[in-house]
Every structure is written in C-alpha cells, then in structure tokens.
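Novice: coords please:
(one chain, ligands or ions: 1)
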Amino acid sequence: MSYSQQNTQRDRFAVEETETVLRVEKLDIYYSKFLAVQDVTMDIPKNRVTAFIGPSGCGKSTLLRCFNRLNDLIDGFHIDGKIYYHNQDLYDKSIDPVEVRRRIGMVFQKPNPFPKSIYDNIAYGARVNGYKGNLDELVERSLQKAALWDEVKDKLKQNGLALSGGQQQRLCIARAIATNPDVVLMDEPCSALDPISTLKVEELMHQLKENYTIVIVTHNMQQATRVADMTAFFNAKATDKGGKQGYLVEYDRTENIFQNPQQESTRDYVSGRFG
Ligand SMILES: Nc1ncnc2c1ncn2[C@@H]1O[C@H](COP(=O)(O)OP(=O)(O)OP(=O)(O)O)[C@@H](O)[C@H]1O
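Specialist: Next up, the predicted model:
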C-alpha cells in the first residue's frame with residue numbers, strides 16, 4: 001500500500017471530528033475595485049492539512065494571505081464577508097494584526113532566512129517579542145520540530161543562507177513555529193526545492209499537523225494527495241473587463257476531490273485536462 005493510500009485510510013473518518021479553526025463566510029476579496037476572489041465559504045479544520053489547488057490567478061495565495069492579514073499591507077485591499085478565527089472576527093477593529101501574524105505563521109515559496117546565524121534566525125522573533133524563557137531551549141525545540149536539528153546542531157553560528165535550499169526552507173518553518181503559532185500557512189513551500197527536500201518537507205507536514213493547523217497552496221497535485229486531508233479546488237472565470245475572478249469550485253476530503261469530484265471542472269483539473 002502506498003504512503004498516500006495509508007494516509008487516506010488513516011484519516012478517512014477523522015476530518016469531521018475536529019473543530020474549525022478558520023471559518024470563511026461569503027468572502028469577497030478586492031484589490032481596489034478589482035474583485036479578485038468571489039464568495040468563498042469554507043471551514044478550515046484543526047490539526048489537519050488543507051490544500052488549495054487551482055490554475056494560476058484563481059486567488060489561492062490571495063485567500064491564504066487573508067488568513068494572517070498579510071494583504072493589509074497592500075494599498076486598496078479590502079474584503080466583504082467574514083473570516084472567523086476561533087469564532088473571533090479576524091478583521092474586527094479590536095484585533096491586532098501583529099498578534100494575528102504571531103498566531104498564524106507563514107512560510108513562503110522561496111526560502112527566505114534572515115542573513116543571520118541559524119541560531120539567530122530562530123531567536124530573533126522571540127527576542128523581539130520579549131521572550132522570557134530559555135532561548136537555547138527554544139532554538140533546539142524549534143529546530144527539532146522542523147526536523148533540522150540533527151543537521152545543524154554543530155553549526156548554529158553559521159549563516160542560515162549557507163544552508164541548502166531544502167534546509168533553508170525547514171529553517172523558515174522552524175522560525176515560523178518558534179513563535180508558538182496555532183496555524184502555519186504555506187504558500188507553495190516546495191516549489192523551489194528538489195524532490196528529496198520536497199519529500200522531507202512533506203513528511204514534516206505530517207508531523208506538524210499533530211500540533212498545528214496547516215493550510216498549503218500547491219501547484220503539485222501529487223503533493224496535495226500526499227499531504228492534505230482536505231482539498232479546495234479554485235478556478236477563475238473571465239470578467240467583462242478582461243480580467244479573471246477566482247472562486248471556490250469544490251471543497252472536500254482530498255480523496256473525494258481526486259477520486260470522486262462532484263464538479264466537472266474539478267474532474268478536468270485533477271485529471272490534468274486544463275490548468
Ligand atoms: N498585490 C496585488 N495587487 C493587485 N492585484 C493582485 C495582487 N496580488 C494578486 N493580485 C491579483 O489577484 C488575482 C489572484 O492572484 P493570486 O496570486 O492570489 O492567485 P493564485 O491562484 O495564487 O496564482 P498563482 O498560482 O499563479 O500563484 C490575480 O488576478 C492577481 O493578478
């Protein structure tokens with residue numbers, strides 16, 4: 001039995017038993033007047049990996065970045081509808097976006113370690129946040145959780161940029177989890193990595209979901225089948241003004257999306273007929 005089959009069977013009945021961490025309700029996402037993503041409603045379950053798939057420009061990254069309010073930094077960005085994080089309105093005026101980003105961490109497509117030592121890459125955020133605990137322990141624990149400790153424990157003073165791409169990405173994951181988040185967002189985290197490094201990061205996702213809720217954008221459909229419990233397929237339709245508008249086509253357990261999709265366009269996409 002393949003790894004993905006085992007994964008599918010193990011989690012088959014587990015998805016509904018977990019609570020919702022992020023609830024998206026009738027969400028429209030705008031860049032100024034441009035409606036980039038229309039009318040998304042979905043629940044992101046706790047301690048699961050949820051994958052966003054779909055053709056380029058359908059708004060996967062845009063939606064992902066809404067979850068930690070990263071789009072706030074873009075001029076003209078605004079939303080209609082709601083995102084609830086543990087039942088709290090994520091865009092309420094009382095919510096501090098900096099605290100949101102501490103609890104909902106992010107790993108980007110290209111590994112982006114700080115040009116600092118491996119140690120300081122992890123310790124930096126803790127120092128800024130006035131961490132009162134033992135920094136050495138935090139660094140070790142975070143690197144352990146990111147499955148990087150054994151490879152770097154003897155060179156913690158070495159610059160993080162001197163690591164291989166795959167190690168740099170795991171360093172970025174270690175950095176993201178060092179602030180003790182609840183959710184880790186990953187925007188195509190393996191697209192710049194070789195197959196072996198990709199496999200390591202995928203294995204890491206399986207471990208991390210025991211403690212964290214993970215949402216990943218991926219163009220790699222095999223990756224979605226290997227790592228994700230839930231999969232959301234997004235598509236884009238042409239608008240009158242010549243642009244494209246993203247929307248959620250189908251959201252279900254990963255095995256249903258890939259083996260028994262309800263929508264024709266999902267079937268076409270997962271079978272490689274477009275995209
Ligand atoms: N900062 C921005 N300002 C204006 N428009 C943007 C901005 N970022 C994204 N868009 C637009 O929003 C739409 C969705 O883009 P987004 O990058 O979220 O799609 P995606 O599905 O993640 O694409 P890809 O798979 O290529 O990364 C696109 O039409 C894009 O041009």
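
Novice: Met186 touches Ile214, doesn't it?
Specialist: Yes. Applying CB atoms under 8 Å as the test, Met186 and Ile214 come out as touching, 6.6 Å apart. For glycine as for every other residue, the C-beta is placed from the backbone atoms N, C-alpha and C.

Novice: Check the contact lists of these two and give me the overlap.
Specialist: By CB atoms under 8 Å, 6 or more residues apart in numbering, Met186 and Ile214 have these common neighbours: Met205.

Novice: Which elements pack onto the helix or strand containing Val40?
Specialist: Following DSSP states H and E, one finds Val40 within strand 34-45. Other elements packing on strand 34-45 under the criterion 3 or more CB pairs under 8 Å, 6 or more residues apart in numbering; DSSP states H and E are strand 20-31, helix 60-67, strand 213-217, strand 230-238, strand 244-253.

Novice: Now those in JSON lines, please, with extra columns for distance to the ligand, mean pLDDT and mean neighbour count.
Specialist: Below are the helices and strands packed on strand 34-45 laid out as JSON lines (distance: least, CB to the nearest ligand atom, whole Å; pLDDT from 0 to 100; neighbours: other CB atoms under 10 Å):
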{"stretch": "strand 20-31", "distance to the ligand": "3", "mean pLDDT": "97", "mean neighbour count": "18"}
{"stretch": "helix 60-67", "distance to the ligand": "3", "mean pLDDT": "98", "mean neighbour count": "22"}
{"stretch": "strand 213-217", "distance to the ligand": "6", "mean pLDDT": "98", "mean neighbour count": "26"}
{"stretch": "strand 230-238", "distance to the ligand": "6", "mean pLDDT": "96", "mean neighbour count": "21"}
{"stretch": "strand 244-253", "distance to the ligand": "5", "mean pLDDT": "96", "mean neighbour count": "20"}
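
Novice: Let me have these in a markdown table, extended by distance to Ile79.
Specialist: Below are the helices and strands packed on strand 34-45 laid out as a markdown table (distance: least, CB to CB, whole Å):
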| stretch | distance to Ile79 |
| --- | --- |
| strand 20-31 | 5 |
| helix 60-67 | 7 |
| strand 213-217 | 17 |
| strand 230-238 | 16 |
| strand 244-253 | 13 |
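
Novice: For Asp75, find the nearest of these.
Specialist: Closest of the helices and strands packed on strand 34-45 to Asp75 is strand 20-31, at 8.6 Å (criterion: CB to CB).

Novice: Give me the helices and strands touching that closest one, please.
Specialist: Judged by 3+ CB pairs under 8 Å, 6+ apart, strand 20-31 is in contact with strand 34-45, helix 60-67, strand 77-85, strand 213-217.
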